[in-house]
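K.L.:
show me how the following folds:
(one chain, ligands or ions: 1)
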Amino acid sequence: MSDVLTSLQQVLEERKSASPDSSYVAKLHSKGLNKILEKIGEEATETILAAKDVEPGKDHSDLVYETADLWFHSMVMLSHLNIDVNEVLNELERRFGLSGLEEKANRNK
Ligand SMILES: N=c1c2ncn([C@@H]3O[C@H](COP(=O)(O)OP(=O)(O)OP(=O)(O)O)[C@@H](O)[C@H]3O)c2ncn1[C@@H]1O[C@H](COP(=O)(O)O)[C@@H](O)[C@H]1O
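P.N.:
Predicted coordinates for the structure are as follows:
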């Protein structure tokens, strides 16, 4: 797993016992799953809007920023549900080299 994801997962875990007054992640954990899912919805929408504005050869930093927000909040969701981010990375690894069409056909079996 990438170093930054490993470190971030550790911090998110530690924040479960931190004060909501001192930590954004602790505040999200304290508000619960629905709030976290609401944030993912918001960030997904912001990512889509940023992607629609990207033009070839022009600055795309807004899209990078919004995608980071989306990935970050998705990691908070996994952490909140006690799911190791390695499970997602392992699933991507399992699919690696497998055609998307083939993988989809296998799903329907
Ligand atoms: N990677 C991030 C990260 N990405 C985005 N964000 C926060 O996610 C929020 C998303 O933006 P919004 O404009 O929707 O936020 P907002 O208006 O404050 O949110 P709401 O009040 O509407 O819920 C912002 O507050 C960002 O600061 C993050 N907050 C924390 N991290 C990581 O998590 C670690 C722990 O953070 P704390 O728990 O705050 O110490 C940090 O050291 C970082 O590594």
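K.L.:
before we move on, which element is the nearest residue to residue 72 once chain neighbours are set aside in?
P.N.:
Among residues not flanking residue 72 along the chain, residue 8 sits closest, at 7.5 Å (CB to CB, 6 or more residues apart in numbering). Quick note: C-beta positions are derived from backbone N, CA and C, even for glycine. If you go by DSSP states H and E, residue 8 is part of helix 3-14.
K.L.:
wait, does that helix contact the ligand?
P.N.:
Yes. Using CB under 6 Å from any ligand atom, helix 3-14 comes into contact with the ligand via 8, 11.
K.L.:
need the residues that contact that helix.
P.N.:
Identification of contacts with helix 3-14 by CB atoms under 8 Å, 6 or more residues apart in numbering yields 25, 72, 75, 76, 79, 84, 85, 89.
K.L.:
for it, buried residues please.
P.N.:
8, 9, 12 (16 or more other CB atoms under 10 Å).
K.L.:
got it, and stretch 17-34?
P.N.:
23, 25, 26, 28, 29.
K.L.:
residue contacts, the last one?
P.N.:
So that's residue 29. Counting by CB under 8 Å, 6+ apart, residue 29 has contacts 15, 16, 20, 36, 76, 79, 80.
K.L.:
which of the residues you listed count as buried?
P.N.:
The neighbour-count test (16+ other CB under 10 Å) marks 15, 36, 76, 79, 80 as buried among those.
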